[in-house]
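Colleague: give me coordinates for this.
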Amino acid sequence: MRSDRELQDWIIDLGPFALLALLVVGFSLASPVFLTVSNLVDNVMRNSTILLLVSLAGTFPILQQSIDLSIESMVGITGVIAAILISDYQLGLAALLVAVVAGTVFGALNGVVFAKFKIPSFLVTLGSLSILAGTALLITGGTSIPFRDETVRWVSNGTLVGNVPNIVVWGLLFYVLMVFVAFKTPFGRYCYALGENEEVADLSGVKVDRYKIGAFVVSGFLCGVAGALLTARTASAAPGMGTGLLLQSIAAIVMGGTALTGGVGGPHRTILGVLVIGVLANGMNLVGIQSFVQDIVLGFVVIVAVAMSMDRRKIDIVK
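Modeller: Here you go, the predicted model:
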């Protein structure tokens, strides 16, 4: 019995590492371009940064046994806000800050409605997913908003550290910040406590509603950062620019080892799931796999990875 538990712990802890290593070896053999610095930095890391940010955003609600389904719409609406302010009002870098503030406000509203009105986070954020997506479509007329501002573009596409794009540097900085928040602040510790047992945390004097709202504030903040950086990278924004990020981020979070049942995992693990998805997408592109086949493969990999990383001892009934 003990050996079975130890084996399961080993699979949960090392499964994502093993899968990532397997993908790297396989694609290295399949394509000589894969392991080049230019491909790993300019393609894998650059293209994975936005997914990393939104996955970090979704990690804190999931740690508390909640979920934020509105993240891709928040990326879209904050990107649209930034593009309009740059294109029509020439606000430049200030527009990116406004986008981050807007994302934080949207996240706070999600958290307040969820915590204070006792509405399940699934329903609250499902509603805001639709509201924010519809608002972005309404204010843009369904069209993209391009702009010309090289200073704004430099925020994402320029280089401060060697030849590493700034967007990658931003992603890593926010990753380190979120790991620090999770493990070195009361907010992070209480996120784990709420995920383990909210009733016990409440009886212990933890201000439950405050930390529930805080998780969604963090989520909105990071989505605002993602929207601003994505807009700066492409020098444009469109209502659907965040489409697809929701499912990929949930897959990355769970694949990395953060349990949907809460209290287990964290942002330090989320980056593993992001790298698996990023390496998989890049490798399949290099070997010429068609996009619709890539979706099929990604689905299978997600199921296998989640099966490897889920601790079934903490789940009595699977629904």
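
Colleague: where does this protein dip in pLDDT?
Modeller: 1-13, 305-319 (pLDDT under 70).

Colleague: show me where it has helices.
Modeller: Assigned by DSSP state H, the helices in the chain fall at 2-30, 37-38, 46-63, 71-89, 93-116, 121-140, 150-157, 166-184, 186-203, 208-234, 245-256, 267-286, 291-309.

Colleague: just put the ones you listed in JSON lines and tack on mean neighbour count.
Modeller: Any C-beta I mention is one placed from the backbone N, CA and C, and that applies to glycine too. JSON lines is the format used below for the helices of the chain (neighbours: other CB atoms under 10 Å):
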{"stretch": "helix 2-30", "mean neighbour count": "14"}
{"stretch": "helix 37-38", "mean neighbour count": "9"}
{"stretch": "helix 46-63", "mean neighbour count": "27"}
{"stretch": "helix 71-89", "mean neighbour count": "26"}
{"stretch": "helix 93-116", "mean neighbour count": "21"}
{"stretch": "helix 121-140", "mean neighbour count": "18"}
{"stretch": "helix 150-157", "mean neighbour count": "17"}
{"stretch": "helix 166-184", "mean neighbour count": "18"}
{"stretch": "helix 186-203", "mean neighbour count": "17"}
{"stretch": "helix 208-234", "mean neighbour count": "26"}
{"stretch": "helix 245-256", "mean neighbour count": "25"}
{"stretch": "helix 267-286", "mean neighbour count": "23"}
{"stretch": "helix 291-309", "mean neighbour count": "14"}
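
Colleague: ok, now which ones touch the residue nearest the centre of the chain?
Modeller: Note on the chain: the residue nearest the mean C-alpha position is residue 55, at 1.6 Å, using CA atoms, centre = their mean. Contact partners of residue 55, counting by CB atoms under 8 Å, 6 or more residues apart in numbering, are 248-249, 252-253, 256, 270, 273-274.

Colleague: how about 7 Å then?
Modeller: Counting by CB atoms under 7 Å, 6 or more residues apart in numbering, residue 55 touches 249, 252-253, 270, 273-274.

Colleague: swap in residue 174?
Modeller: Residue 174 neighbours (CB under 7 Å, 6+ apart): 53, 56, 222, 225.

Colleague: before we move on, what about residue 176?
Modeller: Counting by CB under 7 Å, 6+ apart, residue 176 makes contact with nothing.

Colleague: and the gap between it and residue 138?
Modeller: 37 Å (CB to CB, to the nearest Å).

Colleague: likewise residue 239?
Modeller: Residue 239 sits 9 Å away from residue 138, going by CB to CB.

Colleague: repeat that for residue 184.
Modeller: Between residue 184 and residue 138 the distance is 42 Å, computed by CB to CB.

Colleague: now residue 14
Modeller: 47 Å.

Colleague: go on, residue 15?
Modeller: 44 Å.

Colleague: repeat for residue 221
Modeller: Separation of residue 221 from residue 138 (CB to CB): 24 Å.

Colleague: got a list of what residue 213 touches?
Modeller: By CB under 7 Å, 6+ apart, the contact set of residue 213 is 108, 111-112, 115.

Colleague: before I go, just wanted to say thanks for your time.
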